[in-house]
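Undergrad: Below: sequence and its predicted model.
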Amino acid sequence: MSYLDFYGLQIEPFSNAPNERFYYNSAQHARAMTRIMYAAETMKGLAVVVGDIGTGKTTLARKVLDSLPTEVYESALLVILHSEISQEWLLRRIAQQLGIENPATEKLQIIGQLYRKLLHLHEMGKKAVVLIDEAQMLNSRELMEEFRGLLNLEVTAHKLITFVFFGLPEVEDTLALDPPLLQRVAMKIRLSTLADEATKAYVIHRMAIAGTRETVFTDGALKLIYNYSHGFPRKINILCDNALFQGFLMRQRVIDEAIVQEMAMDLGFAAGMAASAEIPSLDIPAQWTPSGLPPEEVMPPEIVEGGQEFPAATELLSEPLLEQEANITSDDLDLKLEEFFEDTFKET
């Protein structure tokens, strides 16, 4: 008998592998979803989601990806696994994610393919949205310049692609490597830890999704889980998983404070209040359905440091790359692309 059978569970309730099925819609995550969907719907250009390790950024990114309807969006999620990547690799991966089957090997050719693809999507009435997880790994000025160049791909009063960066707080330093790109951040969202009651609701939610609504963790145990995890979802998962397995070994169907205390000590978790400011969380439904709310109901962009709101990216650009002219020819397009590449993507 496994601990799943012992507790009447169908699947592991506290795996740290991203799984949309276990997505917990806390108040802060609902707000983050609403703002990200707003950025995608209105093609803001660049939005940034910042949070410490274990605050649920990856799970949120996957939830966003699954929430963007394919009939409206051409969307993709790109996870950056290491920092030693080239500009060509990045552009090729973005091209592949957006459905370009055979991306070129030369940078300018890839950008040309991307532009034609984005223009085609625009003509079809679709919006291109690329989510970048672990964006802090893109830690070079050259890579940031590539994103700025891609954000220049637009038609009159309309951006052709929107990026959403998900990353650790260092992502802000990464963006600052290219100050003009930093100025184009249209929305910044910060994820914090879960509060005491939200931690309790999170544990109960995951147990219910896994197959049981029985009271497995006592109130005292849940209080200790919060104290030792500081409200970080990843640490909550690790502690709860160990506590359930220990309870199974002891043939104890109710997880009490003693089990949580022992597991926390084994894991080296220190009790105390979380260092970061918490955002109280409630069980509320997400308020945004893509393309489903009238403009007056859409939440405004996030206000960032110093009480200043970054202006929309379009306000920071001069003339758009391409005017929408009904009689434009293929040769005209090629000439405009060539001029754009020379001005924007000069080799350094």
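TA: That came through, no problem. Only a predicted model underlies this, so the values are computations on that prediction, with no experimental measurement involved.
Undergrad: and the residue nearest the centre of the chain, what does it touch?
TA: Closest to where the C-alpha atoms of the chain average out (Cα atoms, centre = their mean) is A61, at 3.4 Å. The contact partners of A61, by Cβ atoms under 8 Å, 6 or more residues apart in numbering, come to 49, 77, 131, 133, 164, 166. Every residue, glycine included, has its C-beta placed from N, CA and C.
Undergrad: so is it in a helix, a strand, or just coil?
TA: Here A61 is helix, with the state taken from DSSP: H, G, I helix; E, B strand; the rest coil.
Undergrad: Can you read off the pLDDT for it?
TA: Per-residue confidence (pLDDT) for A61: 94.
Undergrad: V130 now?
TA: pLDDT for V130: 97.
Undergrad: Just checking the distance from the strand or helix carrying it to the centre of its chain.
TA: In this assignment (DSSP states H and E), V130 forms part of strand 127-133. Between the centre of strand 127-133 and the centre of its chain there are 9 Å (Cα atoms, centre = their mean, to the nearest Å).
Undergrad: Following the chain onward from it, which element is next?
TA: That would be, after strand 127-133 and using DSSP H and E, helix 141-151.
Undergrad: So what touches that next one?
TA: By Cβ under 8 Å, 6+ apart, the list of residues contacting helix 141-151 reads 45-46, 85, 87, 90-91, 94, 111, 114, 138, 159, 161, 163, 174-175, 177-178, 180-181, 184, 313, 344-345, 348.
Undergrad: again, only using 7 Å
TA: 45-46, 87, 90-91, 159, 161, 163, 174-175, 177-178, 180-181, 184, 313, 344-345 (Cβ atoms under 7 Å, 6 or more residues apart in numbering).
Undergrad: now do stretch 130-139
TA: For stretch 130-139, the surrounding residues in contact (Cβ under 7 Å, 6+ apart) are 57-58, 61, 64-65, 76-80, 82-83, 94, 97, 161, 163-168, 170-171, 174.
Undergrad: if we can go back for a sec, show me which of the contacts of A61 is closest to A39.
TA: For the contacts of A61, the minimum distance to A39 (Cβ to Cβ) is 6.6 Å, reached by V164.
Undergrad: and the closest one, bridged to which residues?
TA: Counting by DSSP bridges, V164 forms beta bridges with A47, L131.
Undergrad: neighbours around it, how many?
TA: Neighbourhood size, V164 [other Cβ atoms under 10 Å]: 27.
Undergrad: Repeat that for E123.
TA: Using other Cβ under 10 Å, E123 is surrounded by 10 other residues.
Undergrad: For it, give me phi and psi.
TA: Main-chain torsions, E123, degrees, to the nearest 10: phi -70, psi -30.
Undergrad: repeat for T162
TA: Dihedral angles for T162 - degrees, to the nearest 10 - are phi -120, psi 130.
Undergrad: Please identify which pair of the contacts of A61 lies farthest apart.
TA: V49 and L77 (12.6 Å).
Undergrad: the more surrounded of the two?
TA: Per other Cβ under 10 Å, whichever of V49 and L77 has more neighbours is V49, with 29 against 18.
Undergrad: How about the secondary structure of the more buried one?
TA: Look at V49: counting by three-state DSSP, its state is strand.
Undergrad: gap between it and Q10?
TA: For V49, the distance to Q10 (Cβ to Cβ, to the nearest Å) stands at 31 Å.
Undergrad: so which helix or strand takes in P13?
TA: Per DSSP H and E, there is no helix or strand for P13.
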